[in-house]
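**Student:** Let's see this in three dimensions:
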Amino acid sequence: MRVPAGVLTINHNLSIVAGSSTTFDQVEEALASPLAAEWARDYASRLENNYLSLTTTLLRRMPMVNLTA
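**Tutor:** Next comes the predicted model:
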């Protein structure tokens, strides 16, 4: 869910902040790509019911290519 600038989310969910030359649209597109999904299936820990554990540590390791293109 997109949150407008200046709003602080208070919970245990992951927040992604985009700044400088990388826009949030570019980050969102990269994370929604088939390549990102394949990478997550290969590297994320498995939870019950075949869900994936997408942690900040894991996402920091995810290769993000061509974000500024």
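**Student:** Please, where are all the strands along this protein?
**Tutor:** 45-46, 52-53 (DSSP state E).
**Student:** which stretch among those comes nearest residue 39?
**Tutor:** The closest of the strands of the chain to residue 39 is strand 52-53. By C-beta to C-beta, the value is 10.7 Å. The way it works is simple: take the backbone N, C-alpha and C, and place the C-beta from them, glycine included.
**Student:** Deepest-packed of the strands of the chain, please.
**Tutor:** Each of the strands of the chain was scored by mean neighbour count; the highest is strand 52-53, a mean of 12, by mean count of other C-beta atoms under 10 Å.
**Student:** for that one, packing partners?
**Tutor:** Packing partners of strand 52-53 (3 or more C-beta pairs under 8 Å, 6 or more residues apart in numbering; DSSP states H and E): strand 45-46.
**Student:** what does the strand it packs on contact?
**Tutor:** 52-53, 58 (C-beta atoms under 8 Å, 6 or more residues apart in numbering).
**Student:** List just the nearest of the residues you listed to residue 23.
**Tutor:** For the contacts of strand 45-46, the residue nearest residue 23 by C-beta to C-beta is residue 58; the value is 22.5 Å.
**Student:** just checking, the closest one touches residue 44?
**Tutor:** Yes - between residue 58 and residue 44 a contact is recorded at 5.8 Å, counting by C-beta atoms under 8 Å.
**Student:** Poorly predicted segments of the chain, please.
**Tutor:** Residues of the chain meeting the criterion pLDDT under 70: 1, 3, 5-22, 65-69.
**Student:** C-alpha coordinates for the biggest helix by length in it, CSV please?
**Tutor:** If you go by DSSP state H, the chain has its longest helix at helix 34-43. Provided in CSV are the C-alpha atoms of helix 34-43 (Å, rounded to 0.1, in the frame of the first residue of the first chain):
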residue,chain,number,x,y,z
PRO,A,34,9.0,-12.2,-12.8
LEU,A,35,12.7,-12.2,-12.2
ALA,A,36,12.3,-10.9,-8.6
ALA,A,37,9.6,-13.6,-8.0
GLU,A,38,12.0,-16.3,-9.3
TRP,A,39,14.8,-14.9,-7.1
ALA,A,40,12.6,-14.8,-4.0
ARG,A,41,11.5,-18.5,-4.7
ASP,A,42,15.2,-19.4,-4.9
TYR,A,43,16.4,-17.6,-1.8
